[in-house]
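Undergrad: Sequence unavailable; structure follows:
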């Protein structure tokens, strides 16, 4: 699937040695790319507030540590990566 040219996205992918073909999927908030068998790179849309990503990361961390069981897999954020006018997170695959 091809998207319109996006210099910030292209620089972010390049910094991880990825090409657009590594994309696993996309949604309203981000595009997700395979880094390797254990990790993915979630690149948020241009203009996403880094503080919003920090809040999402904190919530996910809280849910992972919770004793409550949820009927879905909770993403585990390993790192937050700012750069190229974008915010990205590295997560367990």
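TA: Yep, it's here. Just so it is clear, the model here is predicted, and its values are computed rather than measured.

Undergrad: Looking at residue 90 now. What's its pLDDT?
TA: Looking at residue 90, its pLDDT stands at 97.

Undergrad: And the contacts of stretch 68-78?
TA: Outside stretch 68-78, the residues that touch it by C-beta atoms under 8 Å, 6 or more residues apart in numbering are 39, 42, 57, 60-61, 63-64, 89-92. C-beta coordinates here come from the backbone N, C-alpha and C atoms, glycine included.

Undergrad: Quick check: end-to-end length of it?
TA: Using C-alpha to C-alpha, to the nearest Å, the end-to-end distance of stretch 68-78 comes to 21 Å.

Undergrad: How about the contacts made by the residue nearest to the spatial centre of the chain?
TA: Central residue of the chain (C-alpha atoms, centre = their mean): residue 42, 1.5 Å from the mean position. Contact analysis of residue 42 by C-beta under 8 Å, 6+ apart lists 30-32, 75, 88-91.

Undergrad: Filter those down to the ones in strands?
TA: 30-32, 88-91 (DSSP state E).

Undergrad: Quickly name whichever of those residues is closest to residue 23.
TA: Residue 23 lies nearest to residue 31 out of the ones in strands among the contacts of residue 42, by C-beta to C-beta, at 5.8 Å.

Undergrad: what sits against the closest one?
TA: With contact set as C-beta under 8 Å, 6+ apart, residue 31 has these partners: 3, 9, 23, 25, 42-43.

Undergrad: which of the residues you listed are buried?
TA: 9, 23, 42-43 (16 or more other C-beta atoms under 10 Å).
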